[in-house]
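J.: Provided below are the primary sequence and the corresponding predicted coordinates.
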Amino acid sequence: PIVTIMGHVDHGKTTLLDFLRNSSVAAGEAGGITQSISAFEVERPGLGRICFVDTPGHQAFSAMRERGTRATDIVILVVSATDGVQPQTIEVIQHARA
């Protein structure tokens, strides 16, 4: 399956993926903000291959997020516990439902 991580800017999407892939991609991003769609694949015994897609959360990247929802089987929506639901959070839900 293809799993896309989506949500508002700076809510921890790339950091979550960094944990899963044992990397530090978020640390190298301009201003700590994802600027493009990226993907990586893992293989898990009994589950096969899973492709994870990271999408930018900044409002300027709405078209990228929309493309991300069209290419995915599962959307994981990340919402900051301190910020709560934000405009891009609502947008992601709308894209996922379309």
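T.: Structure's in. What do you need? All figures in this text were calculated on a predicted structure; none of them were measured in a lab. Numbering: from 1, shown residues only.
J.: by contact count, what packs against the helix or strand harbouring Phe52?
T.: Per DSSP states H and E: Phe52 is located in strand 48-54. Applying 3 or more CB pairs under 8 Å, 6 or more residues apart in numbering; DSSP states H and E, we find strand 48-54 packed against strand 2-7, helix 13-21, strand 38-44. No exception for glycine: its C-beta is placed from N, CA and C like everyone else's.
J.: same thing but at 10 Å, please
T.: Helices and strands touching strand 48-54, by 3 or more CB pairs under 10 Å, 6 or more residues apart in numbering; DSSP states H and E, are strand 2-7, helix 13-21, strand 38-44, helix 62-70, strand 74-78.
J.: can you pull the contacts of Val25?
T.: Neighbouring residues of Val25 by CB atoms under 10 Å, 6 or more residues apart in numbering: Thr14, Thr15, Leu17, Asp18, Thr34, Ser38, Phe40, Asp54.
J.: Give me the neighbour count for the closest residue to the third one other than its chain neighbours.
T.: Okay, so that is Leu17. Nearest non-adjacent residue to Leu17, counting by CB to CB, 6 or more residues apart in numbering: Asp54, 5.3 Å away. Neighbour count of Asp54, defined by other CB atoms under 10 Å: 23.
J.: sorry, back to before: quick one: which of the contacts of Val25 has the most company?
T.: For these, the largest neighbour count, defined by other CB under 10 Å, is 26 neighbours, found at Thr14.
J.: Let me know whether that residue touches Phe40 as I believe.
T.: No: contact between Thr14 and Phe40 fails when scored by CB atoms under 10 Å: they sit 11.3 Å apart.
J.: Give me the common contacts of the two.
T.: Common neighbours of Thr14 and Phe40 (CB under 10 Å, 6+ apart) are Ser23, Val25, Asp54.
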